[in-house]
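Student: Just a sequence and a predicted model for now, questions to come.
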Number of protein chains: 2
Amino acid sequence: MVEKHRDTLGQALDAIRSRAYWSPHPEHPKAYGADGSLGADEGRAAFDALLGGRFELPGQPGTDGWTATESSPYGLPLGVEYPHPDTDVLLPAMREAVPGWRAAGPEARAAVCVEILARISARTHEFAHAVMHTSGQAFMMAFQAGGPHAQDRGLEAVAYAYAEQVRVPASADWSKPQGKRDPLHLSKEFTAVGRGVALLIGCNTFPTWNGYPGLFASLATGNPVLVKPHPRAVLPLALTVRVAREVLTESGFDPNLVALAAEREGEGLAKELAVRPEVRIIDYTGSTEFGDWLETNARQAQVYTEKAGVNTVVVDSTDDYRGMLANLAFSLSLYSGQMCTTPQNLLIPRDGITTDDGPKSYDEVVADLAGAVGGLLGDDARANGLLGAIVNPQVGERVDAAGSLGEVALPSRSVAHPDFPGATVRTPVIVKLEAAKPEAEAVYLSECFGPVSFAVAVGSTREAVALLRRTVREKGAMTVGAYTTSPDVERLVEEVCLDECAQLSLNLTGGVYVNQTAAFSDFHGSGGNPAANAALVDGAFVANRFRTVEVRRPA
Amino acid sequence: MVEKHRDTLGQALDAIRSRAYWSPHPEHPKAYGADGSLGADEGRAAFDALLGGRFELPGQPGTDGWTATESSPYGLPLGVEYPHPDTDVLLPAMREAVPGWRAAGPEARAAVCVEILARISARTHEFAHAVMHTSGQAFMMAFQAGGPHAQDRGLEAVAYAYAEQVRVPASADWSKPQGKRDPLHLSKEFTAVGRGVALLIGCNTFPTWNGYPGLFASLATGNPVLVKPHPRAVLPLALTVRVAREVLTESGFDPNLVALAAEREGEGLAKELAVRPEVRIIDYTGSTEFGDWLETNARQAQVYTEKAGVNTVVVDSTDDYRGMLANLAFSLSLYSGQMCTTPQNLLIPRDGITTDDGPKSYDEVVADLAGAVGGLLGDDARANGLLGAIVNPQVGERVDAAGSLGEVALPSRSVAHPDFPGATVRTPVIVKLEAAKPEAEAVYLSECFGPVSFAVAVGSTREAVALLRRTVREKGAMTVGAYTTSPDVERLVEEVCLDECAQLSLNLTGGVYVNQTAAFSDFHGSGGNPAANAALVDGAFVANRFRTVEVRRPA
């Protein structure tokens, strides 16, 4: 297996060094169906076969009844039952799996991880439906973001984990000169040792994309991984766990290195697991409230969190007005703004901006953006394909309430879904706010997760830059965007992003969007502002998941 | 400067990869005195010139009076006064120094750090006296551990920091194919960005050796470093700060990137600084109590701690009985056991061990070890050269109280120092304890810092291994040693050390000692057991000191 995947691992290692474009996972659905991978119909059939049944995890110890908590945002009954864990049985079994996995070494562990990802990749069509019907993403997005892009992020984590471990050689001969006396000779062995059980706390909106980096980083560095999915998005991670256990078993390792902990409705299992002494690593994506709770209370563990932030775009000037509007319209619409990377606050000078289409007032910019969003989503089929479904009622309520926050520049409309009448599909709402008004400030300085954006009128670009700084420093940001033709403004925005540690996209007008990042090249978050304490994926994301133990003896 | 130090940095990078022996810093005092370095007499004169005076730090802002808190364990009056900081002035000034340092990039920062170390190296004789008269180390140890070995650890940290930052290129061209459409092109820039002010909280016993890794790791990754020395060991770090500020100024950087925060007697400045919002990194060596306090309370910072542990040696069997005894005797005696790496508990089977000199009973092993220590330290001059002075009265009190803990196999004796009549010099005490006795357990499972060791009688080697596991898991350990000729026992001890994350030295009988580690090759601590949450030096020690900020734009 090491031989089989050496080339893929090598290419991944090259990619994280060069950060040029690379992916071994095709984005197009038609690329699947040959070479043992499931085609569209097979994937759909595999997904359908899971519905309404028990999701067996052969050999996973400590099953304490069954639980079913999912409901598709598209209204499709899922009815899948998962084993509920007796953690007093499961956690010790996971710890027992460690020595063999540790002894395998970094390369074998990486190869097993790559094989798990390859098997998942072959079932991307099946996973796509599972992601669609848990997250509410439209099919194509569920396919790409939940499939190849998530697998890319997982592979990136494997590459980083491997590279980090082999920075120290497996052994060394050490010989220190002693002048006229004989040199001192020691023989040294170095072993990467995992920290203990890693707990992955999954999220509802991107169960695989946000889950794979932590899962594979922990597994590849020698830790067993307990996967606690969001109760509304269990299936994509349950499938992942089952594939991982199959590959581990076939490779001669203990399958309990990866296990599922599906919770009962309202159980709060994450809170209980997070403070177990066996749990030494936690990866979490979700609310700031629970992320802060984990950081404060799970002191026995290394905690990696991605929480809420307030993403900002500074609009100063552009030499491609239509491109800017189209790009922003797409970013606001994709998955109905239910991405941690979607822009929320568009800071626009009250006196307007300069563009290749002449000067545009604040009102014109906002109206033109509203028009661009309206045009993009004017066709219901296209709108459904881009928006997907609202993931939970709270997001829907926020959309409904947005009108009371300020003047509505673009109202949200409901879109009927031809296949899923139960789906709630909503277009984005854009609300105009005055930066300086205290009541507005309270609104735009809070995360309003979902398809709600604020066109914030500021006194000047300088004010926009100052507000950007304050927003990132106080509230955090996963993304920052800016449009400007001025080198001075560019420099000012860059300085803020360097000072406050935020990832910046400048003048995006084409087919790359501020809310999308590419594995092996872009960092997702920085780990340096309040939105997240870790980036996907860098050395810091993997280096603390293991320790190096040295054994030295006379040579 | 980059050119000047490229070779040294390259060799350091090679060394951390191969972990073979390497050092650019000579260990022998006679190696100094040419090429601009201070010789023995010059170093002594430079040290003498500092005594009883004000230690000026030209340009350091926010001086709020002067403070003198040192007293040499050798009884030499130091009387050096240091500026006491007004941190409300100093911390903002340090933050202002950041942008230029960040813009310099990893290579220039590394070169400046290497230059600082080179200047310190040239003054090793001066530093040796400063370390000797603050830590109480004997001159030769202060020279080596406080000089070249500390400088090695600093350089190792610079190499790790540099390597970690340049894993991501400064820029990348990203081009993603789009089938028949034009590819998407982006140009990306990546900048390593420090987290904020780094606080180094120095220790009394190894101000430079334990201080340099954190200091240089933080500085090399773009952070200003505020050095808060132990009030009894200010001078070595004050000299370090002054050299750093000189080099920074000469290199065109803001000298406030490195500043000194000397405290007043009983002020508790570390506690105050540790929770300042500007402080984002803390390095600490010292008591478990304060280390735990930092980890619990300095939540705004990344905290690296080296705390107390209980170091154990398992004595099962040996094919070099005399070598084992001599090696252990040296380890117990060096710096009167005042090292965080000194063995405390020697676990010896009650029924004795097999050796090349025939079977030895527990009593014989303990008596022979006592004899070896006695022989090693029988000559007062040699004893003074090895033991150094007791660093503080608490250590002396522990030595005096040791006799009440159990049967004394080797009493401690006081040694007169010919040059420093005020020095308290004590030989190690060895106390016999029964592992199984509850009152003994409470004794040997607590750290008894200083020249006190316990010869713990265990029922069998298996029991010793079990006790080793429990000790490391519950109390932590910086070092573990074992003597055995049995491959099975060796495997058992190795398994414990891998499971519990402790660094193991096997069958040391020559000139390498369990309490010594070599930079670039050995890890000091593992970061995986309660004795320390970080190792010196690995990727995890540097990776979280900075973040990578990306700026991307259409190419």
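Tutor: That came through fine. Numbering: from 1, shown residues only, chains lettered A, B, ... in the order given.

Student: quick check: mean pLDDT across the helix of greatest length in chain A?
Tutor: When chain A is parsed with DSSP state H, its longest helix is helix A:98-122. For helix A:98-122, mean pLDDT rounds to 98.

Student: same check, this time on stretch A:511-524
Tutor: 97.

Student: Endpoint to endpoint, that stretch covers what distance?
Tutor: The straight-line separation of the ends of stretch A:511-524 (CA to CA, to the nearest Å) is 18 Å.

Student: List, one by one, the residues from the stretch 351-500 of chain A near chain B.
Tutor: Taking CB under 8 Å from any CB of the partner chain as the measure of proximity, the stretch 351-500 of chain A contacts chain B at A:Glu494, A:Glu495, A:Cys497, A:Leu498, A:Asp499. Bear in mind the C-beta positions are built from the backbone N, C-alpha and C, glycine included.

Student: again, 7 Å this time
Tutor: Counting by CB under 7 Å from any CB of the partner chain, the positions of the stretch 351-500 of chain A adjacent to chain B are A:Glu494, A:Cys497, A:Leu498.

Student: Looks like the last one contacts B:Trp101 (just checking).
Tutor: So the one you mean is A:Leu498. No - A:Leu498 is beyond contact range of B:Trp101, at 11.7 Å (criterion: CB atoms under 7 Å).

Student: sorry, back to before: so which elements touch the next helix or strand after the longest helix of chain A?
Tutor: Note on helix A:98-122: by DSSP states H and E, the next helix or strand toward the C-terminus is helix A:124-135. Contacts defined by 3 or more CB pairs under 7 Å, 6 or more residues apart in numbering or on different chains; DSSP states H and E place helix A:124-135 against helix A:40-50, helix A:139-146, helix A:235-250.

Student: Enumerate every residue touching the residue lying closest to A:Ser23 once chain neighbours are set aside.
Tutor: Residue nearest to A:Ser23 in three dimensions, not counting chain neighbours: A:Asp152, with 5.2 Å by CB to CB, 6 or more residues apart in numbering or on different chains. Taking CB atoms under 7 Å, 6 or more residues apart in numbering or on different chains, we find A:Asp152 in contact with A:Ser23, A:His25, A:Ala519, A:Phe520.

Student: Please give the element, helix or strand, for A:Gly65.
Tutor: If you go by DSSP H and E, A:Gly65 is part of strand A:63-67.

Student: Remind me what that strand packs against, helices and strands.
Tutor: strand A:82-85.

Student: The strand it packs on - what's its average pLDDT?
Tutor: When pLDDT is averaged over strand A:82-85, the result is 98.

Student: From the chain's centroid, how far away is it?
Tutor: Mean C-alpha position of strand A:82-85 versus that of the full chain (CA atoms, centre = their mean, to the nearest Å) differs by 25 Å.

Student: Give me the contacts around stretch A:287-303.
Tutor: Residues outside stretch A:287-303 that contact it (CB under 7 Å, 6+ apart) are A:195, A:274-275, A:277, A:279-282, A:284, A:305, A:307-308, A:544-545.

Student: Now with 6 Å, please.
Tutor: The set of residues external to stretch A:287-303 that reach it, using CB atoms under 6 Å, 6 or more residues apart in numbering or on different chains, is A:Ala274, A:Val275, A:Pro277, A:Val279, A:Arg280, A:Ile281, A:Ile282, A:Tyr284, A:Thr305, A:Lys307, A:Ala308, A:Asn544.

Student: How about stretch A:264-272?
Tutor: By CB under 6 Å, 6+ apart, stretch A:264-272 touches A:Thr67, A:Thr69, A:Ile201, A:Lys228, A:Glu263.

Student: so the last one, which of the three states?
Tutor: When you say that, I think you mean A:Glu263. Recorded secondary structure, A:Glu263: coil (DSSP: H, G, I helix; E, B strand; the rest coil).

Student: got a list of what it touches?
Tutor: A:Pro231, A:Leu269.

Student: Endpoints of stretch A:45-56, how far apart?
Tutor: Note: stretch A:45-56 ends 18 Å apart using CA to CA.

Student: What average pLDDT does it get?
Tutor: The average pLDDT within stretch A:45-56 is 98.

Student: Give me the buried positions along the strand holding A:Gly65.
Tutor: By neighbour count with 16 or more other CB atoms under 10 Å in any protein chain shown, strand A:63-67 contains the buried residues A:Thr63, A:Thr67.

Student: same deal with stretch A:25-34?
Tutor: Residues of stretch A:25-34 classed as buried: A:His25, A:Glu27, A:Pro29, A:Tyr32, A:Gly33 (neighbour count, 16+ other CB under 10 Å).

Student: Please work out which residues outside it touch it.
Tutor: Looking at what lies outside stretch A:25-34 - CB under 6 Å, 6+ apart - the contacts are A:Gly39, A:Ala40, A:Ser121, A:Thr124, A:His125, A:Phe143, A:Gln144, A:Pro148, A:Gln151, A:Asp152.
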